[in-house]
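>>> let me see the structure of the following:
(one chain, ligands or ions: 1)
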Amino acid sequence: MLSWVEKYRPKSLKEVAGHDKVKEKLKTWIESYLKGENPKPILLVGPPGCGKTTLAYALANDYGFEVIELNASDKRNASVIKKVVGHAATSSSIFGKKFLIILDEVDGISGKEDAGGVSELIKVIKKAKNPIILTANDAYATSIRNLLPYVEIIQLNPVHTNSVYKVLKKIAEKEGLDVDDKTLKMIAQHSAGDLRSAINDLEALALSGDLSYEAAQKLPDRKREANIFDALRVILKTTHYGIATTALMNVDETPDVIIEWIAENVPKEYEKLEEVARAFEYLSKADRYLGRVMRRQNYGFWKYATTLMTAGVALSKDEKYRKWTPYSYPKIFRLLTQTKAEREILNKILKKIGEKTHTSSKRARFDLQMLKILAKENPSIAADLVDYFEIKEDELKVLVGDKLASEILKILKEKKKLERKKKKDKEKLEKEKKKEEKAKEEQPQLIIQPKEVKEKEEIKEVEKEVKEETKEKIGEKPKVEEEKETKKEKKKEKKKKEDKGKQLTLDAFFK
Ligand SMILES: Nc1ncnc2c1ncn2[C@@H]1O[C@H](COP(=O)(O)OP(=O)(O)OP(=O)(O)O)[C@@H](O)[C@H]1O
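As a prediction, this is how the structure comes out:
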């Protein structure tokens with residue numbers, strides 16, 4: 001089954017969206033050939049997916065030309081160019097047919113395999129009698145610098161969002177999709193002028209069964225991610241070292257992110273197991289260098305990593321696959337986002353363990369594993385550790401799962417209850433002990449005197465009072481008053497003695 005990109009590839013210039021001026025130029029150019037003139041070959045330069053190859057084919061179709069294509073998957077060294085292009089380009093007509101020669105991605109003609117390719121191409125161009133259209137993403141690639149004087153460069157811009165929308169609308173109608181204009185416009189906006197991506201996105205949404213506006217909003221923004229998708233396409237499609245190594249030039253991502261994109265999509269593009277295995281061999285080597293970058297903070301290792309992950313992967317395939325491959329966003333990133341909360345909780349537990357045991361998080365990770373094993377083998381000890389490390393319920397659930405967590409927490413609750421009871425009992429016991437001791441201390445005061453002693457003492461008191469009263473009656477001073485007066489007299493005598501010979505103050509004088 002054809003992908004929609006192939007199915008809806010325009011057959012005629014009329015169907016090609018946008019590029020009006022370019023279409024006119026191409027028409028004039030081919031017509032001059034038909035008039036017997038010999039204009040320079042055309043070099044169509046533009047961003048991926050804007051329609052360079054499509055324009056060339058549509059032109060050939062409109063003017064009844066047979067196409068001879070030598071694309072990027074073929075070897076394009078001197079002898080191949082001479083054999084394939086040379087013959088076709090220089091023979092005025094074969095069996096009365098007109099030929100248009102198309103050479104894709106000429107900025108990729110480089111390396112050992114393509115040795116002498118560009119210089120042979122220049123030779124062919126000089127002698128060519130048939131029209132030749134070359135395409136390139138970058139006209140200023142060093143590999144084709146020598147070619148530029150022999151071609152006419154036509155620059156293509158990304159397709160305007162409105163034109164992208166119109167193409168999508170037509171496809172949606174033909175496919176009978178239930179999709180509204182708002183959604184189609186959103187897809188067009190995301191494509192940033194890359195019609196191939198826009199059509200691929202529409203097909204992907206239709207396949208997923210979700211053609212809602214929200215789903216379109218979530219599509220990768222090609223403006224931001226265009227570069228990574230382009231780079232992927234270059235790496236996975238090309239068999240040229242030079243092209244592969246420059247694939248990441250415009251990618252605004254770090255190699256540790258890019259490697260995930262490549263790893264995700266290699267098995268989608270490569271069909272032979274040996275190719276996939278070879279590609280992953282290179283990716284794992286690249287990964288080792290990335291690890292060294294992290295460990296040693298030596299960013300010099302990045303260049304080895306990127307060469308291995310681009311050229312290594314590109315050269316792992318036997319030949320270019322001429323098929324449409326829907327590349328996708330690395331699952332690992334989605335997984336990391338999904339597990340972010342979980343990982344944060346685990347880090348919290350690691351921190352707690354690290355603080356209590358005064359160890360690094362690496363060592364704490366080991367303890368965490370032990371805790372996981374203990375949870376299954378001996379939940380009672382695990383409960384003690386959970387208590388010691390102050391691990392909370394939600395944290396424990398993430399660590400050992402809901403079921404085991406509630407079992408451990410139940411044990412912990414029982415243990416705490418027992419502990420509280422023991423503490424209470426102990427406190428009670430201590431209280432009673434103290435009470436007893438206090439009671440012992442207070443006991444003598446509380447001793448109740450025997451009745452007789454008490455009575456005797458009362459009698460003595462009464463006798464004393466009676467005596468005092470009788471003394472008063474017979475003119476004697478009561479004993480207590482007598483004692484008071486003697487004390488006063490004595491004090492006066494003492495003061496007199498002390499004041500004798502002392503100079504009196506004014507204050508004392510008045511006393
Ligand atoms: N201007 C356009 N109008 C309609 N369809 C287009 C247009 N441009 C691209 N497409 C669609 O995108 C697909 C890819 O386009 P094409 O191969 O021409 O792009 P390209 O510019 O040659 O890209 P690359 O540089 O990657 O080879 C086509 O098959 C077609 O379905």
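>>> secondary structure class of residue 40, three-state.
coil (DSSP: H, G, I helix; E, B strand; the rest coil).
>>> roughly how far does it sit from the ligand?
Separation of residue 40 from the ligand (C-beta to the nearest ligand atom, to the nearest Å) stands at 20 Å. In short, each C-beta sits where N, CA and C put it, glycine included.
>>> what's the nearest residue to that residue if we skip its chain neighbours?
residue 152 (4.6 Å; C-beta to C-beta, 6 or more residues apart in numbering).
>>> pLDDT score for residue 229?
Among the per-residue scores, residue 229 shows a pLDDT of 80.
>>> quick check, the residue in this structure closest to the ligand?
residue 51 (2.8 Å; C-beta to the nearest ligand atom).
>>> convert stretch 331-351 to CSV, retaining C-alpha atoms only.
Presented in CSV, the C-alpha positions along stretch 331-351 are these (Å, rounded to 0.1, in the frame of the first residue of the first chain):
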residue,chain,number,x,y,z
LYS,A,331,9.4,6.2,23.6
ILE,A,332,12.0,6.6,26.3
PHE,A,333,11.2,10.3,26.6
ARG,A,334,7.6,9.5,27.1
LEU,A,335,8.4,6.9,29.6
LEU,A,336,10.7,9.3,31.5
THR,A,337,7.9,11.9,31.6
GLN,A,338,5.5,9.3,32.8
THR,A,339,7.8,8.0,35.5
LYS,A,340,9.1,11.4,36.5
ALA,A,341,6.9,11.6,39.7
GLU,A,342,8.0,8.0,40.6
ARG,A,343,11.6,8.8,40.1
GLU,A,344,11.3,11.9,42.2
ILE,A,345,9.8,9.9,45.0
LEU,A,346,12.6,7.3,44.8
ASN,A,347,15.2,10.1,44.9
LYS,A,348,13.5,11.4,48.1
ILE,A,349,13.8,8.0,49.7
LEU,A,350,17.5,7.8,48.6
LYS,A,351,18.1,11.1,50.2
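>>> just the buried positions in it, please.
Residues of stretch 331-351 classed as buried: 345, 346, 349, 350 (neighbour count, 16 or more other C-beta atoms under 10 Å).
>>> so what touches it?
260, 264, 361, 364, 365, 368, 389, 391, 394, 395, 398, 399 (C-beta atoms under 8 Å, 6 or more residues apart in numbering).
>>> could you redo the last one with a cut-off of 7 Å?
260, 264, 361, 364, 365, 368, 391, 394, 395, 398, 399 (C-beta atoms under 7 Å, 6 or more residues apart in numbering).
>>> stretch 354-365 too?
Residues contacting stretch 354-365 (C-beta under 7 Å, 6+ apart): 350, 353, 367, 388, 389.
>>> now do 6 Å
Defining contact as C-beta atoms under 6 Å, 6 or more residues apart in numbering, one finds that stretch 354-365 is touched by 350, 353, 389.
>>> narrow the residues you listed to those in helices?
350, 353 (DSSP state H).
>>> save the contacts of stretch 354-365 as JSON lines, and put in pLDDT too.
Converted to JSON lines, the contacts of stretch 354-365 look like this (pLDDT from 0 to 100):
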{"residue": "350", "pLDDT": "89"}
{"residue": "353", "pLDDT": "89"}
{"residue": "389", "pLDDT": "91"}
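>>> ok, which stretches of the stretch 201-350 of the chain are helices?
213-217, 222-237, 241-246, 255-269, 273-296, 302-307, 313-314, 331-338, 340-357 (DSSP state H, counting those that start in this stretch).
>>> make TSV out of these and add distance to residue 379.
Shown next, in TSV, are the helices of the stretch 201-350 of the chain (distance: least, C-beta to C-beta, whole Å):
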stretch	distance to residue 379
helix 213-217	45
helix 222-237	48
helix 241-246	55
helix 255-269	39
helix 273-296	38
helix 302-307	46
helix 313-314	48
helix 331-338	29
helix 340-357	17
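>>> pretty sure residue 179 contacts residue 211?
Yes: contact criterion C-beta atoms under 6 Å: residue 179 and residue 211 qualify, at 4.2 Å.
>>> now do the nearest residue to residue 229 once chain neighbours are set aside against residue 11, distance only.
Closest residue to residue 229 apart from its sequence neighbours, by C-beta to C-beta, 6+ apart: residue 327 at 6.1 Å. Computed as C-beta to C-beta, to the nearest Å, the residue 327 to residue 11 distance reads 26 Å.
>>> near the ligand, which residues of the stretch 101-250 of the chain?
For the stretch 101-250 of the chain, the residues in contact with the ligand (C-beta under 6 Å from any ligand atom) are 135, 137, 159, 167, 195, 196, 199.
>>> which element is the fourth one on?
Pointing back at residue 167 there. Assigned by DSSP states H and E, residue 167 belongs to helix 161-175.
>>> re the thing from before, ramachandran coordinates for the residue nearest to residue 40?
Dihedral pair for residue 152: phi -100, psi 120, per degrees, to the nearest 10.
>>> and if you look at the one 5 residues further on?
The main-chain torsion angles of residue 157 are listed as degrees, to the nearest 10 and equal phi -100, psi 160.
>>> now do residue 136
Dihedral angles (degrees, to the nearest 10) for residue 136: phi -160, psi 150.
>>> kindly report the same for the one 3 residues further on.
Comment: the main-chain dihedrals of residue 139 come out as phi -70, psi -20, following degrees, to the nearest 10.
>>> can you pull the contacts of it?
Per C-beta under 6 Å, 6+ apart, neighbours of residue 139: 45, 153.
>>> now do 7 Å
Taking C-beta under 7 Å, 6+ apart, one finds 43, 45, 153 in contact with residue 139.
>>> are any of those residues buried, and if so which?
Buried among the contacts of residue 139 (16+ other C-beta under 10 Å): 43, 45.
>>> looks to me like residue 133 is in a strand.
Yes: under three-state DSSP, residue 133 sits within a strand.
>>> just give me the neighbour total for it.
27 (other C-beta atoms under 10 Å).
>>> and what of the one 3 residues further on?
The number of residues packed near residue 136 is 24, by other C-beta under 10 Å.
>>> tell me how far the residue nearest to it when sequence neighbours are not counted lies from residue 54.
The shortest distance from residue 136 to any non-neighbouring residue, by C-beta to C-beta, 6+ apart, is to residue 107 (4.1 Å). According to C-beta to C-beta, residue 107 and residue 54 sit 18 Å apart.
>>> then residue 290?
38 Å.
>>> before we move on, back to that, neighbour count winner among residue 179 and residue 211?
The neighbour comparison of residue 179 against residue 211 (other C-beta under 10 Å) goes to residue 179, with 21 against 18.
>>> what residues go with each domain of this protein?
Per the TED database, the structural domains of the chain span 4-155, 161-218, 228-329, 333-412.
>>> out of these, flag the one nearest residue 439.
domain 333-412 (39.6 Å; C-beta to C-beta).
>>> just give me how far that closest one sits from the chain centre.
Mean-position distance between domain 333-412 and its chain equals 23 Å (C-alpha atoms, centre = their mean, to the nearest Å).
>>> could you do stretch 412-427 as well?
For stretch 412-427 - counting by C-alpha atoms, centre = their mean - the centre lies 46 Å from the chain centre.
>>> any buried residues in it, and which?
Counting neighbours by 16+ other C-beta under 10 Å, stretch 412-427 gives residue 412 as buried.
>>> for it, what is the average pLDDT?
Mean predicted lDDT for stretch 412-427 stands at 94.
>>> over to stretch 2-11?
Mean predicted confidence for stretch 2-11 is 88.
>>> give the residues shared as contacts by residue 179 and residue 211.
Common neighbours of residue 179 and residue 211 (C-beta under 7 Å, 6+ apart) do not exist.
>>> where do the strands sit along this protein?
Residue ranges of the strands in the chain, as given by DSSP state E, are 42-45, 66-70, 99-103, 132-136, 152-155.
>>> tabulate those (CSV), appending mean pLDDT.
As requested, the strands of the chain are exported to CSV (pLDDT from 0 to 100):
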stretch, mean pLDDT
strand 42-45, 93
strand 66-70, 82
strand 99-103, 87
strand 132-136, 91
strand 152-155, 92
